[in-house]
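Enquirer: compute the structure for the input listed below.
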Amino acid sequence: MENDNNNEVYSKVVRAGKRTYFFDVKATKGKDLYVILTESKKSSSSGRDNFEKHKLFLYKEDFEKFQEGLDDVLNKIKELKETGEYSFESESPSKYKSLTFEEL
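Expert: A predicted model of the protein is given here:
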C-alpha cells in the first residue's frame with residue numbers, strides 16, 4: 001500500500017512507559033478504511049537511542065471480529081482483576097524500599 005499521509009483519517013497516540021502505541025485510521029483510494037496499530041519501543045544500543053517498531057494492519061472485514069476478541073479479553077481481565085488473584089499495579093522503582101549497604 002502506498003505510504004501517503006493524505007490517506008490519514010484519524011490518529012491517536014498512547015504513551016505507556018518505554019512504549020508508545022499509535023492507532024492510525026487510514027483510507028484507501030477507494031475510501032475503504034483500515035487501521036494500523038504500531039508499537040514503538042525505545043531501546044539503547046551503542047550509546048544511542050533506537051526505536052523498535054511493530055505494526056499490525058487491521059482491514060475493514062476484520063473490524064467486528066477484532067473488536068469481539070478484544071472486548072472478550074478485556075472483560076476477562078476485568079473479571080480476573082476482581083478476584084484479587086493477579087497483580088494489576090504497574091511496578092515502579094518507587095514501590096521498593098531503599099536499602100543501605102549494611103542491609104544487603
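Enquirer: can you pull out the strands in this protein?
Expert: 8-16, 19-27, 33-45, 48-59 (DSSP state E).
Enquirer: so what's the residue nearest in space to the middle of the chain up against?
Expert: Against the mean C-alpha coordinate of the chain, by CA atoms, centre = their mean, the closest residue is residue 21 at 4.2 Å. By CB atoms under 8 Å, 6 or more residues apart in numbering, the residues touching residue 21 are 13-14, 37-40. The C-beta positions use only the backbone N, C-alpha and C, and glycine is treated the same way.
Enquirer: just the buried ones from those, in ChimeraX syntax?
Expert: Typed into ChimeraX, the line below selects the buried ones among the contacts of residue 21, using 16 or more other CB atoms under 10 Å:
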select :40
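Enquirer: tell me the contacts of the residue nearest to residue 63 when sequence neighbours are not counted?
Expert: Once flanking residues are discounted, residue 63 sits nearest to residue 35: 7.7 Å by CB to CB, 6 or more residues apart in numbering. Contacts for residue 35 (CB under 8 Å, 6+ apart) come out as 23-26, 57-58, 63.
Enquirer: now, the most widely separated pair of the residues you listed?
Expert: 24 and 63 (14.3 Å; CB to CB).
Enquirer: more neighbours: these two, which one.
Expert: More neighbours surround residue 24 than the other of residue 24 and residue 63, with 17 against 13 (other CB atoms under 10 Å).
Enquirer: touching, that one and residue 10? I think so.
Expert: Yes: Residue 24 is within contact range of residue 10, at 7.5 Å (criterion: CB atoms under 8 Å).
Enquirer: appreciated, that's everything.
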